[in-house]
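> coords please:
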Amino acid sequence: MNGIEQTLIGGIAGGTAIVIPSLGELTSELAGIVNLGTEGCMLAGALGAYAVTVATGSAEIGVAGGAIAGAVFGLLHAYLTIYRKADQLTSGLVVWFLALGVTGVLGTSYVNDVITPLPVISIGGLSKVPWLGPILFHQDLLVYVGYVLVPLIIFILHRTRIGLLLRSTGERPEVVSVAGNRPNLIQATAVTIGALLAGVGGAQLSVGYVGTWFDDMTSGYGFVAVAVVLFASWKPLRVMVGAYIFGVALSAESVLQTNGIAINQYLLDALPYLVTLIALVIVSRKGGRKAPEALNRALIDVT
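Next comes the predicted model:
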């Protein structure tokens, strides 16, 4: 296996840890709520998944634990912003700091634990397709979940009443209320689901891609997920592309280090963020939909 294949295989696995939280943040923002606490939800999910895996011996059950942990922090953000009318950006940062503190304290006892991570699953004949097969179809379970989530979310957003209500709430919640629906409940549900997906993304890091736990292991990935949604103009396919670009750049950093290629360490560390930012800026210049109106109003009120 050459360096390019290693980079792409690792890029798909690592990119999944951005794809799933990004789709969760997309759901939240389309309902009119930005969650800078996505980083905290991912961190909680990473530790929750690892702790449950240690306790049960099953990484699959661990993923469920990570999802629940992320959702708990999402509920806190939803309560503060929707029902207590807290400033969205400040609330998100509070959630992040809280998760950072909680995982820092509770995670200490798991640093030296060893788990069996999510197994790699080969998809029949697809995994034998030359070159593409091993890259796309010889991955862990959550990678395939990421593949399915993108078309599923597109379908829900544009072909179902639920999607219509979600998008309408993000534009004009007062109109949704007049029509007899409950915009607060819709927003709270969207934020919680978004945080749950962030928790799953954290689980992909700890029990999938990396297979271990260490303090602050998300390293800003949650903020990358928020940025990906912004630059992708709230379009799921663009979100997926941006997330996988980050994953490939992250994997390239690791492959370059493994092969002993002499590149400044600071440049290597910045590589995934720089490549993703440049790619998303280029894509965003081609135009896209505007931010949901309710989200715009909330952010203008903050500034």
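
> What residues sit buried inside stretch 237-247?
238-247 (16 or more other Cβ atoms under 10 Å). For glycine as for every other residue, the C-beta is placed from the backbone atoms N, C-alpha and C.

> In CSV: those residues, plus pLDDT, secondary structure and distance to Pro134.
Rendered in CSV, the data for the buried residues of stretch 237-247 read as follows (pLDDT from 0 to 100; DSSP: H, G, I helix; E, B strand; the rest coil; distance: Cβ to Cβ, whole Å):
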residue, pLDDT, secondary structure, distance to Pro134
Arg238, 91, helix, 26
Val239, 93, helix, 25
Met240, 95, helix, 20
Val241, 92, helix, 21
Gly242, 90, helix, 24
Ala243, 93, helix, 20
Tyr244, 95, helix, 16
Ile245, 90, helix, 20
Phe246, 89, helix, 21
Gly247, 90, helix, 16
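
> I'd like those as TSV, with distance to Val102 appended.
Converted to TSV, the buried residues of stretch 237-247 look like this (distance: Cβ to Cβ, whole Å):
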residue	distance to Val102
Arg238	33
Val239	28
Met240	30
Val241	33
Gly242	29
Ala243	26
Tyr244	30
Ile245	31
Phe246	26
Gly247	27
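
> of those, closest to Gln187?
Nearest to Gln187 among the buried residues of stretch 237-247, counting by Cβ to Cβ, is Val239 at 19.8 Å.

> From Ile162, how far off is the closest one?
19 Å (Cβ to Cβ, to the nearest Å).

> can you check Phe214 too?
Taken as Cβ to Cβ, the span from Phe214 to Ile162 is 38 Å.

> With Met240 instead?
Taken as Cβ to Cβ, the span from Met240 to Ile162 is 21 Å.

> same check, this time on Leu237
With Cβ to Cβ as the criterion, Leu237 and Ile162 are 20 Å apart.

> Then Gly10?
35 Å.

> Between the two, point out the one with more neighbours.
Per other Cβ atoms under 10 Å, whichever of Gly10 and Ile162 has more neighbours is Gly10, with 20 against 12.

> Now do the more buried one, the pLDDT please.
pLDDT recorded at Gly10 is 93.

> Excluding covalently adjacent residues, which one is nearest to it?
Ser251 (3.3 Å; Cβ to Cβ, 6 or more residues apart in numbering).

> Hmm, that neighbour is touching Gln6, no?
Yes: applying Cβ atoms under 8 Å as the test, Ser251 and Gln6 come out as touching, 7.4 Å apart.

> Show me where the chain dips below the pLDDT cut-off.
Applying pLDDT under 70 to the chain picks out residues 1, 257-258, 260-269, 271, 280, 283-289, 299-303.

> which residues in it form strands?
120-122, 138-140 (DSSP state E).

> between those, which gets nearest to Gly66?
Judging the strands of the chain by Cβ to Cβ, what sits closest to Gly66 is strand 138-140, at 13.6 Å.

> Can you tell me which helices and strands that closest one packs against?
helix 3-30, strand 120-122 (3 or more Cβ pairs under 8 Å, 6 or more residues apart in numbering; DSSP states H and E).

> how about 6 Å then?
strand 120-122 (3 or more Cβ pairs under 6 Å, 6 or more residues apart in numbering; DSSP states H and E).

> Give me the contact list for the strand it packs on.
For strand 120-122, contacts defined as Cβ atoms under 6 Å, 6 or more residues apart in numbering pick out 138, 140.
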